[in-house]
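Asker: Sharing a model prediction with you, sequence too.
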Amino acid sequence: MNNTFATLLALALLLLFPEQGIAHRVNIFAFVDGEAVQIECSFSKSQRVRHGRLIMTDAQDGTVLEEAITDEQGRYRYHPDQAFLMTGHGLKISLNAGEGHQSSWMMTPDELQVLAVSGGQKKLASQPNLLVSQAKSSQPAAAGQHGKEDLTMEQKIENMLKNELAPMRQMLVQIYASQQEHGPDIKDIIGGIGWIIGLFGMAAFFKNNKG
Amino acid sequence: MKKTLIAAAAFCLIASPAMAHFGMIIPSDSVIEDQSEAKIELQVSFSHPMEGNGMNMAKPVSFKVFADGKSEELAGSLQPATILDHDAWKLPFQFKKPGVYQFAVVPEPYWEPAEDCFIMHYAKTYISAFGEEEGWDDPLGLKTEIVPLTRPFGNYAGNVFQGQVLLDGKPAPGTEVEIEYYNKDGRYEAPNGALTTQVVKTDANGIFTYGIPFAGWWGFAALNTADKKMAHDGTPKDVELGAVLWMEFVSPKTAN
């Protein structure tokens, strides 16, 4: 009698959670889409993870940033707050889609920087990544400039070059990306080389003038 | 000198029947799991894969990627490359969304004097990106193609592979399928000429079966002769149509 009850209970549970019994993995995929991180969870193209539990954590220190539930389409739009984005840490998105169905997705700081809008920095939609990261790394140097007057000419030139080269680096990344999609744009490459030569010429000019 | 030439000529005579031509598409990875693996390179060539000999390949007529019922022409982005010391092509590619991606090449006809015919190999390969597995059994509608009955990625060496050969969209019974290992770094040596290229035939439904003996990239070339001939120096010649499929078979990793 007891056995029959246990069997019936097991069968009932199986009926309640049919998907969990299927031997397939659960997938999580996330990308920056406009102003947010678009998260998509699925067992396959035609079978989405409805009401899966999502936990967003700081990939570096494990701080839980937000918990959420996916919609009927297995989707969720996550708006990370600026305080987290300014840490420059990566993001870990964990999905729990029921017993035994867990997966996670990592996003690098580089991917996320598109979303960061710091007080002093203007957001440039088309060339965000390196500009923002460059701005961040050059801020302490700029603050130092105000604090101390004893920055050497070389350091100033270095800072200037760093700032000037940031969009250049971004441009090279874009050239690389466009090469992958549309083939190389020779105009951009020649322009870029010209820019580099010009900057080094300027650096040489300042260096000579100093002496 | 004379001896060398005779030896070379003899070698050519003996060796060439054992070597099969293969249109090739070899991506740097067959399963993409996360963003760190999302950038790959595809190498497109026309080679004798087991012998590790290349032939010069003219720029392909078409090189398309298919995913989610859509396709995109990428031939314009192909870059010249040298593969097995011969002219070939390469393409960097970045996966942005989950999906089963099929890459297919349509080459210029290759004139093979030794066989007195043109060769056209419609080669393709599959890549699963970010965990998606649906759609690998969709035919692309190529002139001739192998439609897998075994999922064409995520297979162990030792698995059995089954596929159906289609010619003009219809199953092709009695078709010979040549099979070779891509011996890129000369790792293996065929113990005899018959082991360079292995051969199976399709059944009444155009279906063939093959057990993959060891890990690596394996190519399957299902060969038929086109209805129409093509002119070479004014003489009509046969055109060999190859439906070629490249897949990676792997060994399990040892758990630590």
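Answerer: Looks like it came in fine.
Asker: Show me the contact partners of stretch B:27-45.
Answerer: Stretch B:27-45 is contacted from outside by A:105-108, A:111, B:24-26, B:54, B:57, B:60, B:63, B:78, B:81, B:83-84, B:86, B:88-96, B:103, B:105, B:123, B:125-131, B:153-154, B:247-248, using C-beta atoms under 8 Å, 6 or more residues apart in numbering or on different chains. Using the backbone N, CA and C atoms, a C-beta is placed for each residue, glycine as well.
Asker: Could you pick out which of the residues you listed are located in helices?
Answerer: residue A:111 (DSSP state H).
Asker: Please indicate which of the contacts of stretch B:27-45 are buried?
Answerer: Using 16 or more other C-beta atoms under 10 Å in any protein chain shown as the burial test, the contacts of stretch B:27-45 include A:105, A:107, A:111, B:24-26, B:54, B:57, B:60, B:63, B:78, B:81, B:83-84, B:88-93, B:95, B:103, B:105, B:123, B:125-131, B:153-154, B:247-248 as buried.
Asker: Show me which positions of the longest strand along chain B end up buried.
Answerer: Using DSSP state E, we find that the single longest strand of chain B is strand B:235-250. For strand B:235-250, the neighbour count (16+ other C-beta under 10 Å) marks B:237-249 as buried.
Asker: so which of those comes closest to chain A?
Answerer: Minimum separation from chain A among those (C-beta to the nearest C-beta) is found for residue B:248, which lies at 19.1 Å.
Asker: now the residue nearest to that closest one when sequence neighbours are not counted: how far from residue A:60?
Answerer: Excluding the flanking residues, the one nearest residue B:248 by C-beta to C-beta, 6 or more residues apart in numbering or on different chains is residue B:30, at 4.2 Å. Here the criterion is C-beta to C-beta, to the nearest Å. By it, residue B:30 lies 32 Å from residue A:60.
Asker: higher neighbour count, these two?
Answerer: Higher neighbour count among residue B:30 and residue A:60: residue B:30, with 21 against 13, using other C-beta atoms under 10 Å in any protein chain shown.
Asker: Please name the residues that touch residue A:94.
Answerer: Contacts for residue A:94 (C-beta under 8 Å, 6+ apart) come out as A:54-57, A:102-104.
Asker: and if we set it to 7 Å?
Answerer: A:55, A:57, A:104 (C-beta atoms under 7 Å, 6 or more residues apart in numbering or on different chains).
Asker: you'd agree the last one is up against residue A:93?
Answerer: Yes: when contacts are counted by C-beta atoms under 7 Å, residue A:104 is listed as touching residue A:93 (6.3 Å).
Asker: which of these two has more neighbours?
Answerer: Using other C-beta under 10 Å as the criterion, residue A:104 and residue A:93 rank with residue A:93 on top: 25 against 15.
Asker: Just the strands from chain A, written as ranges.
Answerer: With DSSP E, the ranges of strands along chain A come out as A:27-33, A:36-44, A:47-48, A:53-58, A:64-69, A:75-78, A:91-96, A:102-107.
Asker: can you put those in JSON lines and add mean pLDDT?
Answerer: Listed next are these as JSON lines, based on pLDDT from 0 to 100:
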{"stretch": "strand A:27-33", "mean pLDDT": "93"}
{"stretch": "strand A:36-44", "mean pLDDT": "92"}
{"stretch": "strand A:47-48", "mean pLDDT": "88"}
{"stretch": "strand A:53-58", "mean pLDDT": "96"}
{"stretch": "strand A:64-69", "mean pLDDT": "95"}
{"stretch": "strand A:75-78", "mean pLDDT": "96"}
{"stretch": "strand A:91-96", "mean pLDDT": "94"}
{"stretch": "strand A:102-107", "mean pLDDT": "92"}
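Asker: for the ones you listed, which one sits closest to residue B:165?
Answerer: Nearest to residue B:165 among these is strand A:36-44 (27.0 Å), distances taken as C-beta to C-beta.
Asker: Would you point out the helix or strand in chain A whose mean pLDDT is lowest?
Answerer: helix A:129-147 (a mean of 38; mean pLDDT, DSSP states H and E).
Asker: Spatially, and excluding backbone neighbours, which residue is closest to the residue in chain A that chain B sits nearest to.
Answerer: Chain B sits closest to residue A:27 of chain A, with a gap of 3.2 Å, by C-beta to the nearest C-beta. Spatially, and ignoring its direct neighbours in sequence, residue A:27 is nearest to residue B:131 (3.2 Å; C-beta to C-beta, 6+ apart).
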